[in-house]
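Asker: below are the sequence and a predicted model for it; my questions follow.
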Amino acid sequence: MPATAALGLMDTLLLSERDISAEQRVLQCLAAWCYQYSHQVSIPTDRNGLLLEAGASERLFGPPEALGKRLEQELGKLGYHAIAGSAPTPEAAWLAAPEGLHICGSGHIRRHIGPLPLKRLHLDTTQQLAMKHMGFRRLQDLLRLPRRALTRRFGPGVSDYLDRLLGIRADPRALYRPPQSFASRLDLSAEITSSQALLFPLKRLLEELCGVLRGGDTAVQSVQIVLGHEDHEDTRLELGLQSPTQTTARLVTVLRERLEHLRLSRPVRDIRLQAPQLLKFSADQRSLFMDTPAEQQQGIEQLTERLQARLGRASVTGITGVEDHRPEYSWRPRALDEQVNCTALAHRPSWLLPRPKPCAIEDYEILAGPERIESGWWDGRDCRRDYFIVRDSHGSMLWAFHEYKPQQGWYLHGIFA
Amino acid sequence: MRARAMLRNSTINKLLSTTPQLWKGRRTNHAQPTLATGNSGLDAQLPGNGWPLGAVSELICAKPGLGEFSLLLPALARMSKQGQWIIMIDPPWIPYPASLHGHGLSLRQLLLVRTGREKESLWACEQALSNGRSGAVLAWPKRISFTHLRRLQLAAGSSGKLAFLFRPEQALTAASPAALRLQLEPDSQHGTRINILKCRGGRTPEPAYCMNELHLKEASATCAKKYTRHLLARHTLPTPGAESADPWTGQEWTSHCDQ
């Protein structure tokens, strides 16, 4: 039906141009996602659909019919409308899909797809027209004809196609290879203004990502999210994890914290999700006995991710020693995968004040000391100090020092808590 | 009749042995899982002979520097060596790595969380407590409501972690759902006196336990006091600007290495 006629029937009709390249992009994405169900996925270049080999994974996912149902459901969750059909040969499966047919055994192909009209066949229009003029209506009419007569009338292409359809001739396909990175995009049908409302579409994209990850046996450690606005620079978010994962739930926990703190200046029109680097995945071993160090490590990693997502990366750290005699330079924050390097000095206080605090020594009772620390002539922060353990009038045990260089005076520097 | 009484008795006994919240007045309840403090004197005073696991313990002292942290160190050191994590939420000062390492705490198992805001701090505390099944969480809340304490107590209960809250003196007058409340006071004879204000699973013991300048002993007590005094006498003591405010009011601390 031409567009004008359609508009004549219904004036509220919305017209949009077909975007072939976008369709191909989506097919590429879905092929990667389907890879979790079959190791043989093929994208036919001239049609809108995917071919999956379902026989090899029958024990895992059940008969092709069950797998088809599952694919339809899961793709529905991702926002796609899919219909599945199966048959012993790729071309027959292609014809079975729109009918929702599941044909098993190559002997039944003829019976099931025979009644289909000829225009469903994957033949070019001139051939179809010729067949129509000759009085063929259904596939079974064509199949009844002797093969030699068929070749004479329509050329070898048609007879080759029918051979592949019926499984008389092999039909090898170029197989899809999963990519080493992931990118997906979602154009929102309505603009989103609240950051909390982004969670739902983002969850869908993350689910798609995790499907791809499971398929390729890969994992991600960081995911980039780009929120597109109209006439404005994109908002960028990065979800970082402590260790590679392929579970949606873990990514969603981090995402939720990030969204809680996100202030959207403008409405969001589209969402892009990118994982530039897919890492090799090693499955976590679940232990029979609870509380192994490995499990605690996992627990702490997930906790760190959640805390860092909300508080910022620098707020959650470890601590390690630095080789310096001056106490204020003898520590630094540590990333959790970093090594610890520290000398042991049990006689020092457990807490250091953020910076030395001037004090009057008369207020304190000196209990022990001195311990001389003289260091730093090489970096311009040269100092010479005598450290003492002192007690104040409240009974608090403190660490004080008398500085000779660079500034004469008494300071408090630590607490024996 | 007698059979029924016996049956009832056995039900009571069963309840007593399985529920940490129930105990007979005179006896202590051992159903509460605990972790030895590493300090036999204190262990003897506590019901279950140690820090209660899966519960909040409060350490209340008017001023820091009474050994309140070194009281925990033996237990924390042991836990960290077993690969359990020690999580500190918003410590008011910088933990001195060399000293902690010297006391046997494995720095690899130490996690510091700095939020700088009260609300975030409590949130982080709750998250840390409900994550995982073992380890310890330490926090220094300036103000905390009963409801929040209760939430922390529940979070600790679900994970079986050790939770320590260092609280100021004002906390003494407020009610608390914590399983254990200790008050630390300076004592002219012994250094620090520990009063057990509340302990779940037993009566609060009298007299209080005294810590014998525990933390100082390990410190450089070898240095002779006399010598120190002598040395001091020779110097004219300078008095710097009269900044008598508390040195330990929570400041933002940053590493010098960052700069």
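Answerer: That came in fine, so what should we check first?
Asker: chain neighbours aside, what residue packs nearest to residue A:191?
Answerer: Distances taken as Cβ to Cβ, 6 or more residues apart in numbering or on different chains place residue A:267 nearest to residue A:191, at 3.8 Å, with adjacent residues excluded. Any C-beta I mention is one placed from the backbone N, CA and C, and that applies to glycine too.
Asker: got the contact list for that neighbour?
Answerer: A:191-193, A:229-230 (Cβ atoms under 8 Å, 6 or more residues apart in numbering or on different chains).
Asker: okay, and which of these map to strands?
Answerer: Applying DSSP state E to those, the entries found in strands are A:191-192, A:229.
Asker: and the residues you listed, which of them are buried?
Answerer: When the ones in strands among the contacts of residue A:267 are checked for burial by 16 or more other Cβ atoms under 10 Å in any protein chain shown, the buried set is A:192, A:229.
Asker: between the ones in strands among the contacts of residue A:267, which is nearest residue B:173?
Answerer: residue A:192 (49.7 Å; Cβ to Cβ).
Asker: from chain B, how far out is the residue nearest to residue A:191?
Answerer: 29 Å (Cβ to the nearest Cβ, to the nearest Å).
Asker: which parts of chain A belong to which domain?
Answerer: Per automatic domain parsing, the structural domains of chain A span A:18-166, A:182-288, A:338-415.
Asker: which of these is buried the deepest?
Answerer: domain A:338-415 (a mean of 18; mean count of other Cβ atoms under 10 Å in any protein chain shown).
Asker: for that one, the distance to its chain's centre please.
Answerer: On the basis of Cα atoms, centre = their mean, to the nearest Å, domain A:338-415 sits 50 Å off its chain's mean C-alpha point.
Asker: in chain A, which residue sits nearest chain B?
Answerer: Distances between chain A and chain B by Cβ to the nearest Cβ are smallest at residue A:395, namely 2.3 Å.
Asker: grab the nearest non-local neighbour of that residue.
Answerer: residue B:186 (2.3 Å).
Asker: got the contact list for whatever helix or strand the one you found lives in?
Answerer: Using DSSP states H and E, residue B:186 sits within strand B:180-187. Residues outside strand B:180-187 that contact it (Cβ under 8 Å, 6+ apart) are A:394-396, B:46, B:51-52, B:55-62, B:66-68, B:71, B:172, B:192-200, B:210.
Asker: out of the contacts of residue A:267, which one has the lowest pLDDT?
Answerer: On pLDDT alone, residue A:230 ranks lowest of the contacts of residue A:267, at 85.
Asker: any idea how far it is from residue A:270?
Answerer: For residue A:230, the distance to residue A:270 equals 10 Å [Cβ to Cβ, to the nearest Å].
Asker: dump the C-alpha coordinates for the strand holding residue B:186 into PDB.
Answerer: The C-alpha trace of strand B:180-187 is given here as PDB (Å, rounded to 0.1, in the frame of the first residue of the first chain):
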ATOM      1  CA  LEU B 180      27.800  -4.300  75.400                       C
ATOM      2  CA  ARG B 181      28.500  -0.900  76.800                       C
ATOM      3  CA  LEU B 182      31.900  -0.100  78.300                       C
ATOM      4  CA  GLN B 183      32.900   3.100  79.900                       C
ATOM      5  CA  LEU B 184      36.600   4.000  80.100                       C
ATOM      6  CA  GLU B 185      37.800   6.300  82.800                       C
ATOM      7  CA  PRO B 186      41.200   7.500  83.800                       C
ATOM      8  CA  ASP B 187      42.300   6.100  87.100                       C
END
